[in-house]
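K.L.:
okay, here's the prediction I keep looking at, along with the sequence it came from:
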Number of protein chains: 2
Amino acid sequence: MMNLNQQMRLDLMKMKRNNPLIHVQPCHRVALLTHMHPDGDAYGSLLGMKHLLSQRAYQVDAYAEADPASKFAFLPGFAELKTTVNAAEIIYDICIVLDCGNAERTGDFQLLLKRAHRIINIDHHISNTFFGHVQYIIPAASSTSEMITQLAQDFNILLQPEEATCLLTGIVMDTGSFLYENTSAATHQAAAHLLDAGANHDLIRFHLFQNRPLQNVRFLGYLIEHMELLMDKQAVLLTVSDALLAQYEVAYEDLDEFISYVRDISGIELAVILKEINGDEVKISFRSKSWLDVNKLAAGLNGGGHERAAGAVFNGSLAHARRQLLPLIEACFTGGSCV
Amino acid sequence: MMNLNQQMRLDLMKMKRNNPLIHVQPCHRVALLTHMHPDGDAYGSLLGMKHLLSQRAYQVDAYAEADPASKFAFLPGFAELKTTVNAAEIIYDICIVLDCGNAERTGDFQLLLKRAHRIINIDHHISNTFFGHVQYIIPAASSTSEMITQLAQDFNILLQPEEATCLLTGIVMDTGSFLYENTSAATHQAAAHLLDAGANHDLIRFHLFQNRPLQNVRFLGYLIEHMELLMDKQAVLLTVSDALLAQYEVAYEDLDEFISYVRDISGIELAVILKEINGDEVKISFRSKSWLDVNKLAAGLNGGGHERAAGAVFNGSLAHARRQLLPLIEACFTGGSCV
């Protein structure tokens, strides 16, 4: 067991070596940015950091797309997000970019980056391009929100309930509520810390897990009725036309939850969804469960991604994409190779 | 910060006051029991405790129903569970009963309890009857598996991967993967400890979350197609006949997952499922989301349960049960009272 002095020295060493917050001073004007089409971890880490700094009298503005109808609109501070930028007016001392693999993915807010004196890049994506002046990238972290939680702990910052709720949301969404393989002991420790700080888990559960749009449920019913089981029930194919999405009033972004649902059927190794875009393009998403490298499968269609989740884009009709795809799927299961 | 001596004194006090394992000695013959129709926490705490004691040279037998086709059959030690009892042959010094609210719920294994010298009752159900000679009941714990994890930590027992996998399974299943409101900071701390000890989370995810029987998925498709939305889409009613279950080959025990699925639709407060049993009885299950006290609703039908989950049994046909039920549901939403 370490004594207090040893512990303090260790903490200080950690900070000096790692903690990017050491570059942020109360006199600085700070802008916080994240990626386009923000997900739970983007909003969670952005708003968590906003609370964390602004409650300590820092001058902070947080920028992000923020549709009031978003399922994340319940997050404390969501309504105060700045959605447009007038870079001529404001020059920030520091831009902190959260959960964002490259500078381009900040979209319209990239203007701010170009004019900032210093850019701090905090992210957990292994594909991060290490842009900016300070990089703090931990691919082993489940989420950027987990990283922010640990940064706050390193600095002995006592978290408030609002920021804890935001950060817990980010962790919960990026881990599928502690189910995905990115969940580590450190992830659970961060969650324990956030609950102790007063994170409102009931609010998160209600808005993100007990608030399934009725039309999405009906659409799942349709997909189950019409899914194609291939390769002796080891693969499942969903085909979604523009007209079908419009009929069920399902958002294009929501399609990912359905592919995960059918991937998790017993015996299924590969799930594929073909999504028509504007009639002349097809986006293909792949998910696998245990052994099939869908990154390779997608590469055969000039796409890419990870071993268990990848995608590609096709020019042409749904029927055309389906014809091209079927032999590739068959090769995965018969030849044992996906290329 | 406490010094080492203070910490040790506190640990010792905790043990003396609470830890029921202090009653178990290596010379004892120990039987472990749990409740009938075991769920994830029953198997998890039972097998976790079995490993924990037997790897330390205690003489331990674990008893439980154990269908080789169970989705929990992957748990280390599952195949060695004793499924029958010959109480005339063996008298145990100690019976430890895990996750079991009353002695009767041990079913056929109750014979062992009657002949044991000492009964230790370890459980997290608030309804526990405090049977046995030693009671260790913590209703604030998410699961009995969480309690066992903490007991092992109190004793500074280094957990092995097998027991950690069993205990993590129990926690994950009783909390819906850290989603239900019984999840606390202590639950996450226990999970972090178990992952550090080598719990195989991939195995748990694969068997319990990515292994959905195809017939259950098809049955969900049917239920979505046929669910009745009532009270301006605030309530949803599912009706399941014997014939329907047989047609889809869905297990009666699996019906609970479907009621939770439809309860979690946006705007729904109450979900009800009517399940025909042998043609002349109907089991009714209720789930609510935020404010409706289904315990009261069930009480109006001579049933009971908790505020958010309750049930009742009806003599008669499905149609008869439905007719009796509809006015009660209406009263909940119009009168604001469920009785």
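P.N.:
Received the coordinates, thanks.

K.L.:
all contacts plus neighbour counts: C-alpha atoms, from now on.
P.N.:
Will do.

K.L.:
let me see the ranges of the strands in the stretch 51-200 of chain A.
P.N.:
Assigned by DSSP state E, counting those that start in this stretch, the strands in the stretch 51-200 of chain A fall at A:59-62, A:94-98, A:118-123, A:134-137.

K.L.:
out of the ones you listed, which is closest to residue B:142?
P.N.:
strand A:118-123 (32.4 Å; C-alpha to C-alpha).

K.L.:
list the contacts of the closest one.
P.N.:
Residues outside strand A:118-123 that contact it (C-alpha atoms under 8 Å, 6 or more residues apart in numbering or on different chains): A:20, A:93-101, A:113, A:130-139, A:143-144.

K.L.:
for residue A:286, which of the strands of the stretch 51-200 of chain A is the nearest?
P.N.:
strand A:118-123 (24.5 Å).

K.L.:
the closest one to strand A:94-98, inter-axis angle?
P.N.:
Relative orientation of strand A:118-123 versus strand A:94-98 (axes from the mean of the first three to the mean of the last three C-alpha atoms, to 10 degrees): 10 degrees.

K.L.:
parallel or antiparallel, which strands does strand A:118-123 pair with?
P.N.:
In the sheet, strand A:118-123 lines up against strand A:94-98 (parallel), strand A:134-137 (parallel) (DSSP bridges).

K.L.:
put the alpha carbons of it into PDB.
P.N.:
Listed in PDB are the C-alpha atoms of strand A:118-123, where the atom choice follows Å, rounded to 0.1, in the frame of the first residue of the first chain:
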ATOM      1  CA  ARG A 118      -3.800  25.400 -29.900                       C
ATOM      2  CA  ILE A 119      -5.700  22.300 -30.700                       C
ATOM      3  CA  ILE A 120      -6.100  19.400 -28.200                       C
ATOM      4  CA  ASN A 121      -7.200  16.100 -29.700                       C
ATOM      5  CA  ILE A 122      -8.800  13.700 -27.200                       C
ATOM      6  CA  ASP A 123     -10.100  10.400 -28.700                       C
END
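
K.L.:
buried residues, that strand. List them.
P.N.:
Buried residues in strand A:118-123, counting neighbours by 16 or more other C-alpha atoms under 10 Å in any protein chain shown, are found at A:118-123.

K.L.:
widest-spaced pair of those?
P.N.:
Taking C-alpha to C-alpha, no two of these sit farther apart than A:118 and A:123, at 16.3 Å.

K.L.:
who in the stretch 201-339 of chain A is up against chain B?
P.N.:
By C-alpha under 8 Å from any C-alpha of the partner chain, the residues of the stretch 201-339 of chain A that approach chain B are A:201-202, A:205, A:209-214, A:217-218, A:220-222, A:224-225, A:263-267, A:289.

K.L.:
sorry, back to before: show the buried residues in the contacts of strand A:118-123.
P.N.:
For the contacts of strand A:118-123, buried by 16+ other C-alpha under 10 Å: A:20, A:93-101, A:113, A:130, A:132, A:134-139, A:143-144.

K.L.:
how about the helices in the stretch 151-300 of chain A?
P.N.:
In the stretch 151-300 of chain A, the segments counted as helices under DSSP state H, counting those that start in this stretch are A:161-175, A:185-196, A:201-209, A:214-226, A:242-248, A:255-263, A:294-299.

K.L.:
other residues contacting the fourth one?
P.N.:
Looking back up the chat, that one is helix A:214-226. So helix A:214-226 is contacted by A:238, A:248-250, A:258, B:217-218, B:220-222, B:224-225, B:265-266 (C-alpha under 8 Å, 6+ apart).

K.L.:
which of the helices of the stretch 151-300 of chain A sits most buried?
P.N.:
Of the helices of the stretch 151-300 of chain A, the one with the most neighbours on average (mean count of other C-alpha atoms under 10 Å in any protein chain shown) is helix A:161-175, at a mean of 26.

K.L.:
may I have it as PDB, with CA atoms only?
P.N.:
C-alpha atoms of helix A:161-175 as PDB (Å, rounded to 0.1, in the frame of the first residue of the first chain):
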ATOM      1  CA  PRO A 161     -24.300  15.200 -11.200                       C
ATOM      2  CA  GLU A 162     -24.800  16.900 -14.600                       C
ATOM      3  CA  GLU A 163     -21.400  16.100 -16.000                       C
ATOM      4  CA  ALA A 164     -21.600  12.600 -14.500                       C
ATOM      5  CA  THR A 165     -24.800  12.000 -16.300                       C
ATOM      6  CA  CYS A 166     -23.300  13.200 -19.600                       C
ATOM      7  CA  LEU A 167     -20.200  11.000 -19.200                       C
ATOM      8  CA  LEU A 168     -22.100   7.900 -18.200                       C
ATOM      9  CA  THR A 169     -24.300   8.300 -21.200                       C
ATOM     10  CA  GLY A 170     -21.300   8.300 -23.500                       C
ATOM     11  CA  ILE A 171     -19.900   5.100 -21.800                       C
ATOM     12  CA  VAL A 172     -23.300   3.400 -21.900                       C
ATOM     13  CA  MET A 173     -23.900   4.100 -25.500                       C
ATOM     14  CA  ASP A 174     -20.400   3.200 -26.800                       C
ATOM     15  CA  THR A 175     -20.400  -0.100 -24.800                       C
END
